[in-house]
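S.K.: no FASTA, just this:
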């Protein structure tokens, strides 16, 4: 029999069974997470089914408040209160409140996400943690409530697709452009519920921020999880935060894949996803000159310090001021990112340019945040979705890299960074 893929190894370890693609297994969980969006429903479901029974392990449950942080309407404030009171009642110590930032990023910074771990959460982009080799997955209310009670959940072991990149690219192309390139080339009817494994020199060269960018859009590829094997520097970064040595989970040399694909990205140029689909990808140069009303830099896809720094550098190189008619919103992913950006002087650059820097969180990923669009508005943002009406009825959203977003803010129209 052939060797195992990464997902087969992880689910074999966590189920105690010899798990192969297509099998159904009960796996032990390392962490079960809820957000302020969806979390209250899990609390109410748990209390309905379990009454006052204690949760399986308070140390392996986390709550993150990043959807509307801080709350802007009473209903959201009440929902957050439900989560806080449940955490206090059950002795759950890992509650990352409205001052923390995007949940997955916060958990990673806190050393709670390890390679080879099995993590579930109420966020459809929970799987972005595959960037460090964790099998993390978004789940519904009933599944997470059941996990809180038992510490286990069943999975069908996904088939795996091996994706190898070759070639190289130079600035202003970036990890976001690599990601959009893949979205434009991959057949999403073949990637539904698949585990994607990413390889090649362009992947090896990605920083942690770049890996998070790629992994954060696996959901838009219809994949279950996208694995990137962490290098020694990333393993050391995780290990320092976790307080122990960590190792990567590697596939066997003779692992059997459902499909293997190879993509040449030599000379990759800046790309942009046009309305209203993430895979409606074109070169930026083809849509340059399109009028833009608002620009957003942030989200779980491009809200790390590295992303903010690139945007600030483009602003400074192109004159330091955004166009008079443009509204620009910059949102750091986490408190840690925000502090690093403050210390590096990025906030000063953004504010002097005319941009607004908001508190850390998801920000303009959905319509629930400040900065939503009026009918007819056009946004260039660094998020992961641009579906019709996602940020306001009658508006249009383009997805691009921080460099392209910043250049667009200066020009007032879709533009390449100078």
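M.R.: Happy to help now that I have it. These numbers come from a predicted model, not from an experiment. Numbering: from 1, shown residues only.
S.K.: the strands in the stretch 101-250 of the chain, which residues?
M.R.: 118-121, 135-138, 152-156, 160-166, 195-199, 225-227 (DSSP state E, counting those that start in this stretch).
S.K.: need the next SSE after the host helix or strand of residue 342, C-terminal direction.
M.R.: Assessed by DSSP states H and E, residue 342 sits inside helix 335-343. Next helix or strand after helix 335-343 toward the C-terminus (DSSP H and E): helix 346-353.
S.K.: Quickly list the domain ranges of the chain.
M.R.: Segmentation of the chain into domains, based on automatic domain parsing, reads 20-156, 160-264, 273-411.
S.K.: Out of these, flag the one nearest residue 2.
M.R.: domain 160-264 (4.0 Å; Cβ to Cβ). All C-beta atoms are positioned from the backbone trio N, CA, C, and that covers glycine.
S.K.: First-to-last residue distance for that closest one?
M.R.: 20 Å (Cα to Cα, to the nearest Å).
S.K.: Averaged pLDDT, it. What do you get?
M.R.: Averaging pLDDT along domain 160-264 gives 97.
S.K.: and if you look at stretch 13-29?
M.R.: pLDDT averaged over stretch 13-29 gives 97.
S.K.: again, but for stretch 395-409
M.R.: Stretch 395-409 shows a mean pLDDT of 97.
S.K.: three-state assignment of the nearest residue to residue 70 once chain neighbours are set aside?
M.R.: Sequence neighbours aside, residue 98 is the residue nearest to residue 70 in space, at 4.3 Å (criterion: Cβ to Cβ, 6 or more residues apart in numbering). Recorded secondary structure, residue 98: coil (DSSP: H, G, I helix; E, B strand; the rest coil).
S.K.: how many neighbours does residue 98 have?
M.R.: 20 (other Cβ atoms under 10 Å).
S.K.: That one reaches residue 67, doesn't it?
M.R.: No: between residue 98 and residue 67 there is no contact under Cβ atoms under 8 Å: 9.8 Å.
S.K.: tell me, what's touching those two both at once?
M.R.: Residues touching both residue 98 and residue 67 (Cβ atoms under 8 Å, 6 or more residues apart in numbering): 36, 361.
S.K.: Tell me the confidence at residue 37?
M.R.: 86.
S.K.: From the contact counts, what lies against whichever helix in the chain runs longest?
M.R.: The helix that spans the most residues within the chain, counting by DSSP state H, is helix 74-90. Contacts defined by 3 or more Cβ pairs under 8 Å, 6 or more residues apart in numbering; DSSP states H and E place helix 74-90 against helix 39-50, strand 61-64, strand 94-96.
S.K.: Throw these into JSON lines and include distance to residue 245 and mean neighbour count, thanks.
M.R.: Below are the helices and strands packed on helix 74-90 laid out as JSON lines (distance: least, Cβ to Cβ, whole Å; neighbours: other Cβ atoms under 10 Å):
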{"stretch": "helix 39-50", "distance to residue 245": "33", "mean neighbour count": "19"}
{"stretch": "strand 61-64", "distance to residue 245": "23", "mean neighbour count": "26"}
{"stretch": "strand 94-96", "distance to residue 245": "22", "mean neighbour count": "19"}
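S.K.: neighbours around the residue nearest to residue 336 when sequence neighbours are not counted, how many?
M.R.: The shortest distance from residue 336 to any non-neighbouring residue, by Cβ to Cβ, 6+ apart, is to residue 109 (5.4 Å). Residue 109 is flanked by 20 other residues according to other Cβ under 10 Å.
S.K.: sorry, back to before: which of the strands of the stretch 101-250 of the chain sits most buried?
M.R.: Burial of the strands of the stretch 101-250 of the chain is given as mean neighbour count (mean count of other Cβ atoms under 10 Å); strand 225-227 ranks first at a mean of 28.
S.K.: hmm, back to that, quick one, which of the helices and strands packed on helix 74-90 is nearest to residue 334?
M.R.: strand 94-96 (9.2 Å).
S.K.: The closest one pairs with which strands, and in what direction?
M.R.: Strand 94-96 has the following strand partners under DSSP bridges: strand 61-64 (parallel).
S.K.: can you list contacts of the partner strand?
M.R.: 31-36, 39, 55, 83, 87, 90, 92, 94-96, 100, 102-104, 106-107, 112, 148.
S.K.: can you give me how far it is from the chain middle?
M.R.: Here the centre of strand 61-64 is set off from its chain's centre by 17 Å, with Cα atoms, centre = their mean, to the nearest Å.
S.K.: Next, find the distance separating residue 177 from residue 264.
M.R.: Residue 177 sits at a distance of 14 Å from residue 264 (criterion: Cβ to Cβ, to the nearest Å).
S.K.: Also residue 206?
M.R.: From residue 206 over to residue 264 (counting by Cβ to Cβ), the distance is 17 Å.
S.K.: if you count what's nearby, which of those two comes out ahead?
M.R.: With neighbours defined as other Cβ under 10 Å, residue 206 and residue 264 compare such that residue 206 has more, 22 against 12.
S.K.: Name the nearest residue to that one, ignoring sequence neighbours.
M.R.: Nearest to residue 206 is residue 175, by Cβ to Cβ, 6+ apart, at 5.7 Å.
S.K.: residues in contact with the one you found?
M.R.: Contacts for residue 175 were tallied using Cβ under 8 Å, 6+ apart; they are 206-207, 209-211, 213-214, 401.
S.K.: Can you verify my assumption that residue 321 contacts residue 355?
M.R.: No: under the criterion of Cβ under 8 Å, residue 321 makes no contact with residue 355, lying 9.9 Å away.
S.K.: overlap in contacts of those two?
M.R.: Common neighbours of residue 321 and residue 355 (Cβ under 8 Å, 6+ apart) are residue 315.
S.K.: For residue 154, name its beta-bridge partners.
M.R.: Beta bridges link residue 154 to residue 26, judged by DSSP bridges.
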